[in-house]
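# Everything below, folded, please.
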Amino acid sequence: MLRVKYLKGGTLGRVEEWFLSQLNIGDSFWFAGRNLELVKIKDMTAYVRKTSGSSSKVPSYMGGRMSLSSNMSHLLREKLQLAIQDNHRSSDLETIKPILDIQKERSILPRQDQFLIEKSWSKEGCHLFFFPFEGRYVHEGMSALVAHRISKMVPITFSIAMNDYGFELLSDSDIPIDEALEKDLFSSKNLVRDIMGILNEAELAKRRFREISQIAGLVFPGFPGNQKAGKHLQMSSGLFFDVFMEYEPGHLLIQQAYDEVLQIQLDEARLRTALARIEKQQIIVKEIDRFSPFAFPIFVDRLRERMSSEKLIDRVMKMQKQLEAN
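As a prediction, the model looks like this:
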């Protein structure tokens, strides 16, 4: 979070760094009921001044893309089971019934004892869509894990996308999913080792150590109204981290940092539970000619990361027409 402060005046509040990173100097946005122009960003503070006009941006927060909780994921799978049995009186399920009917037509609606994988081809290459219904954070770790295990079998490069309902692996060559499933693709054995083999765990732990070092009193953040700059805190905590790693790697604060990477950032406990559930399910690999209603939103989510002069909604409408034409 960055402070939003008048160039000559008081502080208005805080806004997420990722939103401000999308703005150029001179762009305007609404904040605290005021129309503001971004002047500069320095020392974790965004300096602004009042401006006029009504076409300014409105801050949005990453909380708008918060992951499903484990309870919500369970309820979602139960709702899907009710839709399959068709013995419900839910207005929500009646509303989305046309979408579920298209899903049945192009693929299947997986039961609670089934795990669906959809495979399809496009001009981009081979698409694999997995649907654990476990939430974005679990899918983030699971997609990286699955991609890592497949890449150990054959030389291959993946693009990854995900949402709360599933994730996608895309490659320009055929993805050997059947062979991977035969080799216990979703096994929870050696889970931590495989996850740490994917990620730069030292850098992740160093980021967690920044907060830990302040709580432990190793780093002084400054007095109220005269706090140290974020980059200075990062440098100080990073120095402590490097010294501990070199001379006392078993230090409790270092272990705390690595534990938080697994428990908070990667949600290792939920990932392990999800893998155990998938191992007990019947895995169905369904080859489809066109993207299903389950797969299409994940495909669209990947488009957000591309640079284009077209609006996202225009690109989505164009793809929808192409799919319907086929």
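# For the host helix or strand of residue 271, list the C-alpha coordinates in CSV.
Using DSSP states H and E, residue 271 falls within helix 268-280. The C-alpha trace of helix 268-280 is given here as CSV (Å, rounded to 0.1, in the frame of the first residue of the first chain):
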residue,chain,number,x,y,z
GLU,A,268,0.3,-25.6,1.2
ALA,A,269,-2.3,-27.2,3.6
ARG,A,270,-5.2,-26.6,1.2
LEU,A,271,-3.2,-27.7,-1.8
ARG,A,272,-2.3,-30.9,-0.1
THR,A,273,-6.0,-31.5,0.8
ALA,A,274,-7.1,-30.8,-2.7
LEU,A,275,-4.5,-33.2,-4.2
ALA,A,276,-5.6,-35.9,-1.8
ARG,A,277,-9.2,-35.4,-2.9
ILE,A,278,-8.3,-35.6,-6.6
GLU,A,279,-6.4,-38.8,-6.0
LYS,A,280,-9.6,-40.4,-4.8
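# Could you give me the buried positions within the helix or strand harbouring residue 104?
Residue 104 is part of helix 97-106 when elements are defined by DSSP H and E. Going by neighbour count (16 or more other Cβ atoms under 10 Å), the buried part of helix 97-106 is 100, 103, 106. The way it works is simple: take the backbone N, C-alpha and C, and place the C-beta from them, glycine included.
# how long is stretch 57-72 from one end to the other?
Terminal residues of stretch 57-72 lie 32 Å apart, using Cα to Cα, to the nearest Å.
# returning to what we had before: for the helix holding residue 271, the distance to its chain's centre please.
18 Å (Cα atoms, centre = their mean, to the nearest Å).
# still on that earlier bit, now, which of the buried residues of helix 97-106 sits nearest residue 283?
Residue 283 lies nearest to residue 103 out of the buried residues of helix 97-106, by Cβ to Cβ, at 17.8 Å.
# ok, that closest one to residue 209 distance?
To residue 209, residue 103 is 45 Å away according to Cβ to Cβ, to the nearest Å.
# before we move on, what about residue 145?
From residue 145 over to residue 209 (counting by Cβ to Cβ), the distance is 24 Å.
# Neighbour count: these two, which is higher?
Shown here are residue 145 and residue 209; by other Cβ atoms under 10 Å, residue 209 has more neighbours (28 against 21).
# ok, the more buried one - contacts?
237-238, 240-241, 253-254, 257 (Cβ atoms under 8 Å, 6 or more residues apart in numbering).
# quick check, nearest of the residues you listed to residue 168?
Nearest to residue 168 among these is residue 257, at 31.3 Å by Cβ to Cβ.
# Wait, that closest one touches residue 210, no?
No: if you go by Cβ atoms under 8 Å, residue 257 and residue 210 don't touch, sitting 9.0 Å apart.
# what domains does the record give for the chain?
Domain assignment for the chain, taken from automatic domain parsing, gives 2-64, 70-197+271-325, 200-265.
# what sits against residue 251?
Contacts for residue 251 (Cβ under 8 Å, 6+ apart) come out as residue 244.
# Surely residue 165 and residue 297 touch.
Yes: using Cβ under 8 Å, residue 165 makes contact with residue 297 at a distance of 7.4 Å.
# re the thing from before, need the next SSE after the helix holding residue 271, C-terminal direction.
That would be, after helix 268-280 and using DSSP H and E, strand 282-287.
# and that following strand, which residues are buried?
Those would be residue 283, for strand 282-287 by 16+ other Cβ under 10 Å.
# for that strand, the distance to its chain's centre please.
Using Cα atoms, centre = their mean, the offset of strand 282-287 from its chain centre is 24 Å.
# From the contact counts, what lies against the helix or strand that that strand is followed by?
Note on strand 282-287: by DSSP H and E, the next helix or strand toward the C-terminus is helix 296-303. Packed against helix 296-303 by the contact rule (3 or more Cβ pairs under 8 Å, 6 or more residues apart in numbering; DSSP states H and E) you find strand 159-162, strand 167-171, helix 312-325.
# May I see the buried residues of the helix holding residue 271?
268, 270-271, 274-275, 277-278.
# contacts for it?
Counting by Cβ under 8 Å, 6+ apart, residues outside helix 268-280 touching it are 70, 113, 115, 132, 134-135, 137-138, 141-142, 145, 184, 186-188, 191-192, 195, 262-263.
# Tell me how many other residues surround the nearest residue to residue 127 once chain neighbours are set aside.
What sits nearest to residue 127 in space, not counting adjacent residues and going by Cβ to Cβ, 6 or more residues apart in numbering, is residue 120, at 4.9 Å. Counted with other Cβ under 10 Å, residues neighbouring residue 120 total 19.
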